[in-house]
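Asker: How does the following fold in three dimensions:
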Amino acid sequence: MSIEQTTQRNRRLRKKLFVGEFTVYVFEVTLELKEMSLESFEQFVDEFIDVIEDNQLILGGSGDGTRQFRGIVASEKRYASATEEDRKTVEAWLKKQSQCDVATVGELVDMNDVF
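Answerer: Residues are numbered from 1 along each chain as shown. Purely as a prediction, here's the structure:
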């Protein structure tokens, strides 16, 4: 049994720790992009951010600035989770982009397990 399963916490603490009924689910995005001009790269990033924001999501991550990126996508709403529909929307958009050599969208996971 994990500590999580054996520890009794009150509602306020569960909410503060994002556990139990307050668990938040996120998904990982990993990209490897083709060689492209800086202008094309910036356009791709702007369009990707638009997709994220249009679906009321947020994105955090890092990359090498030109070819590789790895990040986490979450709901922009407090205590809300990204959904399977959100995950599929982002995955479908990335798969259509000719700039992506590799686009991997992970499964929904507990935010506490990511960090």
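Asker: Regarding the chain, what is its longest helix?
Answerer: Counting by DSSP state H, the longest helix found in the chain is helix 38-54.
Asker: what's the angle from the helix or strand just after that helix to helix 38-54?
Answerer: Next along the chain after helix 38-54, taking DSSP states H and E as the criterion, comes strand 57-63. Between the axes of strand 57-63 and helix 38-54, defined by axes from the mean of the first three to the mean of the last three CA atoms, to 10 degrees, the angle is 150 degrees.
Asker: got the buried residues for the next helix-or-strand element following strand 57-63?
Answerer: Along the chain past strand 57-63, the next helix or strand (assigned with DSSP H and E) turns out to be strand 68-75. Within strand 68-75, the residues that count as buried by 16 or more other CB atoms under 10 Å are 69, 71-75. Glycine gets a C-beta too; all of them are placed from N, C-alpha and C.
Asker: what packs against strand 68-75?
Answerer: Helices and strands touching strand 68-75, as assessed by 3 or more CB pairs under 8 Å, 6 or more residues apart in numbering; DSSP states H and E, comprise strand 25-33, strand 57-63, helix 84-96.
Asker: what about 10 Å?
Answerer: Taking 3 or more CB pairs under 10 Å, 6 or more residues apart in numbering; DSSP states H and E as contact, the helices and strands that strand 68-75 lies on are strand 25-33, helix 38-54, strand 57-63, helix 84-96, strand 100-105, helix 111-114.
Asker: Which residues outside the second one are in contact with it?
Answerer: Helix 38-54 is contacted by residues 29, 31, 33-37, 57-59, 63, 65-67, 69, 71, 73-74, 76, 86, 89-90, 92-94, 97-100 when judged by CB atoms under 10 Å, 6 or more residues apart in numbering.
Asker: ditto for the fourth one
Answerer: Around helix 84-96, the neighbours that count as contacts under CB under 10 Å, 6+ apart are 25-31, 47-48, 50-52, 54-57, 59, 73-75, 82-83, 100, 102-108.
Asker: So, low pLDDT: which residues of this protein?
Answerer: For the chain, applying pLDDT under 70 flags the ranges 1-6, 115.
Asker: who's in contact with the residue nearest the centre of it?
Answerer: If you average the C-alpha coordinates of the chain and look for the closest C-alpha using CA atoms, centre = their mean, you land on Val73, 1.5 Å from that point. Taking CB under 10 Å, 6+ apart as the criterion, Val73 is in contact with 26-29, 52, 55, 57-61, 82, 86-87, 90, 105-106, 108.
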